[in-house]
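# structure for the following, please:
(one chain, ligands or ions: 2)
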Amino acid sequence: MKAPKTNQQFNENQNEKNFEKVWESCLKIIKDNVNSQSFKTWFEPIKPIKLHNNILTIQVPSQFFYEWIEEHYVTLLGKALKTELGQECRLEYSIIMENNNNSAKPYTVKIPTNSKKALVNPSISMPLDISSNAIRNPFVIPGLKKVNVESQLNPSYSFDNFIEGDCNRLARSAGFAVANKPGGTSFNPLLIYGSVGLGKSHLAQAIGIQAKNNFPNKTVLYVSADRFMTQYIDSVRNNDQNDFIHFYQMIDVLIIDDIQFFSGKEKTQDVFFHIFNHLHQSGKQIILTSDKPPVEMIGIEPRLLSRFKWGLAADLQAPDLETRIAILEKKLYVDGIEVPKEVIEYLAYSITNNIRELEGALTSLLAQSTLNKKAITLELAKSMIDKFVKNTTREVSIDYIQKVVSDYFDLSIELIKSKTRKREVVQARQIAMYFSKNLTKSSLASIGMQCGGKDHATVLHACRTVNNLMDTDKKFRSYIEELEKKINVM
Ligand code: ADP
Ligand code: MG
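Numbers count the residues shown, from 1 in each chain. Ligands and ions are numbered 1, 2, ... in the order given. Coordinates of the predicted model:
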């Protein structure tokens, strides 16, 4: 005959069956004690596995996850568990490990927490023997010893060299604030987005340079998303993912450039997610760049996207004319080269929406002039620009037409754009409208808007007037032909 069950045994058996219930009750306690974001991040992914001999086993997604829990939540976990299971309970982790032998099946490792100690003394966390050696720096080729983390920053991408304009004011000032107080502003992460060649990398590095200057003891690191991914893949191959993760977790100001490269790369996103959480929760600064705003990013996990929105997303727009001219002038000044103002203006008028191309045009102009021993003139600039941008988006702009016409008649651009009805201004304005109609794809309405706020009928009338005059007045016609050469299209 079987001995009747004692009460305690009975309870245990009941509990063993109810490990899910036990965990659920623990979660309730935990939920009341952490913020909802942390709860989602760190507790929702945990699965209870079993309850045996008053030891609750929970499964966590990674070793990193385990360490995080032990470091930050062991006291709370302990309290919750004690409430549910009494003083003598213990907690055991089961960690899903990536198996390196290419078999897809995850395997688990049990790591019993030193619950007794942990329960009474929250400051003692279980050090896990992840690597007894120093953490490997993925930027250093094995064998070469490097003590400090090199920032990988390009010193010429400084704030000093970054021209401020309406197009970048918000991003620039947020970046400046972040550099002066890394991790201490609400701009964390700071996400800088904008299309190619508008200065994302430059600004991101400027923040890094400035932060490093302000806080020499902080570890600043700039890395392209591409490189981050390669390093991660290498770390998996070499079985030192933990070093990879730990390396990135030591950084105080982490700058990742072009995160659109993470799109569709689930594993990389996963590891970045953990690094992000660690840095963010320890008050470290994260700066990201992307060619799109978060709402348009495709192939990036929602949990990451939502984190990108925690801080500030600031965009870079195409620079206006004044800013383009200032950028070219700054570059020439830094290089100690002098170029006629009209050439600078011509370049700035011709290339409107990519600063890299704008600089490229200037560089090839300088090269042409040096190689062919030709002076840098407007002629040279025009012939070069034609070759340079012909195949891209070259279209004479209304701005440029107005500039050539106003120079030709020795009037100011402002007059042409004004509503004045002075005879000589009216004629110059009509000529500018005529060229704008013939040489650009702009609509009559938009030409009218840009030439003194006129309507489309006024523009049509201007075109007719110019055509009539050309047919009847030889002198007028020669003006127009000369002007057309100056505007020098296609
Ligand atoms: P992105 O990363 O957005 O493609 P980059 O940061 O590489 O663009 O910028 C392209 C080039 O334009 C760089 O040489 C950079 O120095 C220059 N540039 C961009 N914005 C500015 C600016 N506001 N002032 C000065 N130079 C700039
Ligand atoms: Mg870039």
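# closest point of the chain to ligand 2, which residue?
Of the residues in the chain, the one nearest ligand 2 is S201, at a distance of 3.2 Å by CB to the ion. For glycine as for every other residue, the C-beta is placed from the backbone atoms N, C-alpha and C.
# for burial, what's the neighbour tally of that residue?
Around S201 sit 19 other residues, with neighbours defined as other CB atoms under 10 Å.
# which SSE is it in?
Assigned by DSSP states H and E, S201 falls within helix 200-214.
# same question, A457
For A457, the host element (DSSP H and E) is helix 456-472.
# so what does that helix touch, helix or strand wise?
Using 3 or more CB pairs under 8 Å, 6 or more residues apart in numbering; DSSP states H and E as the contact criterion, the elements in contact with helix 456-472 are helix 423-439, helix 444-450, helix 474-487.
# show me the one of those helices that comes nearest A177.
Distances from A177 to each of these were compared using CB to CB; the minimum, 36.1 Å, belongs to helix 444-450.
# what comes up buried for that closest one?
Burial within helix 444-450, assessed by neighbour count using 16 or more other CB atoms under 10 Å, is assigned to L444, I447, G448, M449, Q450.
# in a helix, R421, correct?
No: residue state for R421 (DSSP: H, G, I helix; E, B strand; the rest coil) corresponds to coil; a helix is not indicated.
# what does the stretch 351-490 of the chain have sitting close to ligand 1?
Counting by CB under 6 Å from any ligand atom, the residues of the stretch 351-490 of the chain close to ligand 1 are I355, R356, E359.
# I'd guessed the first one sits against S195; true?
No: using CB atoms under 8 Å, I355 is not in contact with S195; the gap is 10.7 Å.
# domain-wise, how is this structure divided?
Residue ranges for each domain of the chain read 7-117, 159-316, 321-388, 398-488, as given by automatic domain parsing.
# looking at the buried residues of helix 444-450, which is nearest ligand 1?
For ligand 1, the closest of the buried residues of helix 444-450 turns out to be Q450, at 24.9 Å, with distances computed as CB to the nearest ligand atom.
# so for that closest one, what's the nearest residue that isn't a sequence neighbour?
Closest residue in space to Q450, ignoring its immediate chain neighbours: I398 at 5.0 Å, by CB to CB, 6 or more residues apart in numbering.
# ok, now which ones touch that neighbour?
Taking CB atoms under 8 Å, 6 or more residues apart in numbering, we find I398 in contact with A432, S436, T440, S442, I447, Q450, C451.
# next one: V343
V343 is in contact with L365, I376, T377, L378, L380, A381, counting by CB under 8 Å, 6+ apart.
# could those residues be laid out in TSV, adding pLDDT?
Putting those into TSV (pLDDT from 0 to 100) gives the following:
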residue	pLDDT
L365	88
I376	88
T377	88
L378	87
L380	86
A381	88
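# who wins on neighbours among those residues?
Using other CB under 10 Å as the contact criterion, the top neighbour count among these goes to A381, which has 25 neighbours.
# surely that one and L365 touch.
Yes: between A381 and L365 a contact is recorded at 5.8 Å, counting by CB under 8 Å.
# overlap in contacts, these two.
Shared contacts of A381 and L365, counting by CB under 8 Å, 6+ apart, come down to V343, L347.
# doesn't Y349 make contact with L328?
No: counting by CB under 8 Å, no contact exists between L328 and Y349, whose distance comes to 11.1 Å.
# and the two? Which one has more around it.
L328 (23 against 20).
# am I right that the more buried one falls within a helix?
Yes: checked against three-state DSSP, L328 lies within a helix.
# which residue packs closest to it, ignoring adjacent ones?
Using CB to CB, 6+ apart and skipping the chain neighbours, the partner closest in space to L328 is I344 (5.0 Å).
# so which of the domains of the chain is the most surrounded?
Here the criterion is mean neighbour count by mean count of other CB atoms under 10 Å, and of the domains of the chain the winner is domain 159-316, at a mean of 19.
# where does the chain get nearest to ligand 1, residue-wise?
G199 (2.6 Å).
# tell me the mean pLDDT for stretch 462-477?
Throughout stretch 462-477, pLDDT has a mean value of 92.
# can you show me the CA trace of it as PDB?
The C-alpha coordinates for stretch 462-477 follow below in PDB (Å, rounded to 0.1, in the frame of the first residue of the first chain):
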ATOM      1  CA  ALA A 462       5.500  87.000 -72.200                       C
ATOM      2  CA  CYS A 463       6.400  84.100 -74.500                       C
ATOM      3  CA  ARG A 464       4.300  85.500 -77.300                       C
ATOM      4  CA  THR A 465       5.800  89.000 -76.900                       C
ATOM      5  CA  VAL A 466       9.400  87.700 -77.000                       C
ATOM      6  CA  ASN A 467       8.600  85.600 -80.100                       C
ATOM      7  CA  ASN A 468       7.000  88.500 -81.800                       C
ATOM      8  CA  LEU A 469       9.900  90.800 -81.000                       C
ATOM      9  CA  MET A 470      12.400  88.300 -82.300                       C
ATOM     10  CA  ASP A 471      10.500  88.100 -85.600                       C
ATOM     11  CA  THR A 472      10.400  91.800 -86.000                       C
ATOM     12  CA  ASP A 473      13.500  93.300 -84.300                       C
ATOM     13  CA  LYS A 474      16.900  92.100 -85.400                       C
ATOM     14  CA  LYS A 475      18.700  93.700 -82.500                       C
ATOM     15  CA  PHE A 476      16.400  92.100 -80.000                       C
ATOM     16  CA  ARG A 477      16.900  88.800 -81.600                       C
END
